[in-house]
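Colleague: turn this into a structure:
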Amino acid sequence: MRSSIHVLGTVELDSVAQGYRVLDLMVKAAPISVLRATVINPGKFLIMVTGDVAAVEEAIKRGISAAGECLLDYLFLPNLHTDVIPALRARDPASFGERTEQVSPAVELDALGLIEAFSTTAGIEAADAAAKEAAVRVLEIRLGDELGGKSTATVTGPIGEVEAALAVAEGLLRRKQLLVRTTVIPRPHGDLAPFVAGIEVTG
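Modeller: Numbers count the residues shown, from 1 in each chain. So this is what the prediction gives:
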């Protein structure tokens with residue numbers, strides 16, 4: 001399912017208390033919709049918003065200013081790839097206000113690419129860049145307490161496309177000094193599929 005959300009902004013902080021203050025100021029600054037505002041271990045706070053381009057841009061600017069020394073990372077994506085929001089929802093739809101009774105999508109599992117970043121925001125940005133660079137599908141972007149504040153993104157497609165996508169993601173994360181690792185699995189075993197966002201394999 002494609003997403004109707006085309007603009008995304010995030011602010012990531014190292015303080016929960018300051019995170020709530022920043023969230024309040026962002027909502028007051030512009031007419032935005034809050035997709036997610038949550039504590040992520042170890043004690044970080046993630047704010048994720050959408051709306052029209054001007055509103056999100058204004059809210060993000062206000063958030064960056066208010067965050068001060070607590071700011072860890074941020075992004076403003078006015079032309080979000082359509083895979084990103086479904087990939088964020090894949091593991092935890094309830095965190096986006098959705099019903100949890102989701103039917104796992106059936107996809108053809110080709111080569112797999114995995115992107116691991118030191119921040120949640122950087123993982124989203126890297127996945128978006130990867131999907132825009134090559135003919136890959138973003139299956140999952142994982143942000144959660146079990147990752148200790150890190151993030152992972154999983155993409156699939158022909159091996160050459162996956163390699164091209166990961167090269168862009170890796171370059172972006174290196175420039176931000178937030179790269180943990182990228183990995184390509186050329187011919188994943190079929191038994192791996194249920195562990196990749198709970199997908200069903202076709203064919």
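
Colleague: from here on, just use CA atoms for contacts and neighbour counts.
Modeller: Will do.

Colleague: any stretches of this structure with poor pLDDT?
Modeller: 1-3, 91-108, 144-146, 197-203 (pLDDT under 70).

Colleague: give me that answer again for 90
Modeller: Scanning the chain for pLDDT under 90 picks out the ranges 1-5, 40-43, 89-110, 143-150, 187-203.

Colleague: show the contacting residues for the residue nearest the centre of it.
Modeller: Per CA atoms, centre = their mean, the C-alpha nearest to the average position across the chain is that of residue 124, at 2.8 Å. By CA atoms under 8 Å, 6 or more residues apart in numbering, the residues touching residue 124 are 84, 141, 153.

Colleague: how far away is the closest residue to the first one other than its chain neighbours from residue 155?
Modeller: Counting by CA to CA, 6 or more residues apart in numbering, the nearest residue to residue 84 once its immediate chain neighbours are dropped is residue 128, at 6.4 Å. Counting by CA to CA, to the nearest Å, the gap between residue 128 and residue 155 amounts to 11 Å.

Colleague: so which of the two has more stuff around it?
Modeller: residue 155 (29 against 23; other CA atoms under 10 Å).

Colleague: surely that one is within a strand?
Modeller: Yes - Residue 155 forms part of a strand when assessed by DSSP: H, G, I helix; E, B strand; the rest coil.
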